[in-house]
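Enquirer: give me the fold of what follows.
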Amino acid sequence: MSRTIRGGQWLNLKTKFLSLDKFLTVFLQNHVGTLTRVASPAIIAALVPLSVSAAPSEREFLWAGDPEGGAPFVEADPAQPDKVVGFDVEIADLIARGLGRKAGFINVTFTSIDQSIERGDAEIGLSGIEDTPARRDTMAPTVPYYQFREVLSVRDADASRFRALADLRGRRVGTLGGTIAYEILLRAERDFGIQAVSYDDDVHPYSDLVIGRLDAVLLDNVLAERRRRTLPGFTIQPQSVAVGHYVGVLAARNAPLRDAIDEILRGAMQDGSLESIFRKWGVWNDDQPALYARVLAGEPVPPVIGLDATAGAAMLSGWEATRRYLPSLVRASLITIVLSCLSMGLAVVLGVAIASGRVYGSRLTRALLTGYVEIMRGTPILLQLFVLYYGIAAAIRLPAFAAALLGLALNYAAYESEIYRGALEAVPTGQLEAARILGLSERQVLMLVRGPQAFRLALAPMTNDFVALLKDSSLVSVLTVLELTKQTQIFATNIGSWVIPGLLCAMLYLAMSLPLAALARRLERHWKRATA
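Expert: Down below sits the predicted model:
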């Protein structure tokens, strides 16, 4: 005799199942800490999607990394550029399999990975990310899965005299900004009188070292050894400056997921999976077994060894951090305003010359100047800066500030010339003809009649361009110029938050741009009265 479920019974049964599902989810969320201590990694991996209210297991496990100069962590596959490879790629796949999901990659700039994880763009950041006090205070980092050493690299000819940071007084030492190495260099500035130079990538410091723009580079041994295989000319000193660890970073709210990932990583340490990955990429060494023994034994592992990390900005209150970093932000803003003023001054001179040539020049002159304007307006300013600083370095080795000044001026000269050309052509033809009838030469017509009126018409858009140049000056950080935005980014990375640094940066930019706007309005009123 068969039995059937009526509509009302089915609805009641469905409601009970939904209630049970909701109860189980809440239970796991409230008791995940206990479960991670008593359950096996396999059980935790199976239950964690429920504990973080995840979708079904087929949902991608999204992770963030930066493939730009990211070898051997994350890099574009030479055979398939749309695919990423590296040991962190394989670790992400290992974690995803442990969670019963499929890994999905999101390309995020290295310095923005923490902020991207906090926003929820991805669930974990993996790209050679260092374990720091700031990340421990503000995020949910995983257990350390790799131990690295901060090592000093110098040119082969200097290997015998530059063995430590103390030997580099008055010398330029480069590294990747927002890292432990950069914090070490900032302290070495105070202690040994070196000059710390911040880069946005880990490739150009070594190329600049070889050609003589730097005297040394301080970075992870993984990066130094990888770069030495392809770029001869420098020596890695054997003595370690400090010891750090790579971790994955998750948002603090995802601590239950972090606990599950920790168990997966511990299991991979025990069964040799991590060792196999690191051996495949040629980065396994004798430092790792000792690290794994401490992690598996549950011993605390300090984020940095050989550096007093407790003195970092992450341990300071908002007011104390502001007081410590505000002087450096003010100094960086002075660099910004000086660079912007000099660049704008040169851009105005060049712009006037280009506009005059296009209005009064021969057909060939007009064609050449039009080509220049279209090239400069049609290509990104960032590309132009790279070409000036790195692209022509073999022939002309421009200092960073000079390359930044020239790059901004050449780019903005093209825009300024269009403003001036339009203003010159806006002066009524009748006035020009009248001036010529009175016997004025073309130069006198330009200087006494056309030029002053064109300047009045161009004043407002010129002011707008200057304000825009103030903000575009932030791009010169790619040339190692430590301007306001770059210093703000370093501040934010060190304290693990963009709130206070962002507000201070905005206030300083306003302090620079508002007086300029007020001066421009005053000049406009003066010119209007003079021509009324």
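Enquirer: what about A92, how many neighbours?
Expert: Neighbourhood size, A92 [other Cβ atoms under 10 Å]: 27. To be clear about C-beta, it is placed using only N, CA and C from the backbone, and glycine gets the same treatment.
Enquirer: ok, now which ones touch it?
Expert: Contacts were defined as Cβ atoms under 8 Å, 6 or more residues apart in numbering; by that measure A92 touches F61, W63, G65, A103, F105, I124, L126.
Enquirer: try 10 Å
Expert: By Cβ atoms under 10 Å, 6 or more residues apart in numbering, the contact list for A92 reads 61-65, 74, 84, 86, 103-105, 122, 124-127, 248.
Enquirer: among these, which ones are buried?
Expert: 61-65, 74, 84, 86, 103, 105, 122, 124-127, 248 (16 or more other Cβ atoms under 10 Å).
Enquirer: restricted to strands, list those residues.
Expert: Under the assignment DSSP state E, these contribute F61, L62, W63, A64, G65, V84, A103, F105, I124, G125 to strands.
Enquirer: longest strand anywhere in the protein?
Expert: The chain, longest strand under DSSP E: strand 234-246.
Enquirer: hang on, the earlier thing: so can I have CSV of the ones in strands among the buried ones among the contacts of A92 showing pLDDT?
Expert: Formatted as CSV, those follow (pLDDT from 0 to 100):
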residue, pLDDT
F61, 95
L62, 95
W63, 96
A64, 95
G65, 93
V84, 93
A103, 95
F105, 95
I124, 97
G125, 96
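Enquirer: including distance to L214, could the residues you listed go into JSON lines?
Expert: Conversion of these to JSON lines gives the following (distance: Cβ to Cβ, whole Å):
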{"residue": "F61", "distance to L214": "39"}
{"residue": "L62", "distance to L214": "37"}
{"residue": "W63", "distance to L214": "33"}
{"residue": "A64", "distance to L214": "30"}
{"residue": "G65", "distance to L214": "26"}
{"residue": "V84", "distance to L214": "29"}
{"residue": "A103", "distance to L214": "37"}
{"residue": "F105", "distance to L214": "32"}
{"residue": "I124", "distance to L214": "33"}
{"residue": "G125", "distance to L214": "28"}
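Enquirer: so A414 makes contact with R377?
Expert: Yes - between A414 and R377 there is a contact under Cβ atoms under 10 Å: 5.2 Å.
Enquirer: quick one, which of those two is more surrounded?
Expert: Between A414 and R377, counted using other Cβ under 10 Å, A414 has the larger neighbour count: 20 against 13.
Enquirer: now for the more buried one: which residues touch it?
Expert: The contact partners of A414, taken as Cβ under 10 Å, 6+ apart, are A347, L350, G351, I354, L369, Y372, V373, E374, I375, M376, R377, G378.
Enquirer: tell me the contacts of the residue nearest to it when sequence neighbours are not counted?
Expert: Among residues not flanking A414 along the chain, M376 sits closest, at 3.7 Å (Cβ to Cβ, 6 or more residues apart in numbering). Shown in contact with M376 (Cβ under 10 Å, 6+ apart): I354, Q384, L410, N411, Y412, A413, A414, Y415, S417.
Enquirer: which of these sits closest to E442?
Expert: Comparing the contacts of M376 against E442 with Cβ to Cβ picks out I354 as the nearest, at 17.7 Å.
Enquirer: what's the burial count for that closest one?
Expert: 25.
Enquirer: cool, the one 10 residues further on as well?
Expert: Using other Cβ under 10 Å as the criterion, L364 is surrounded by 8 other residues.
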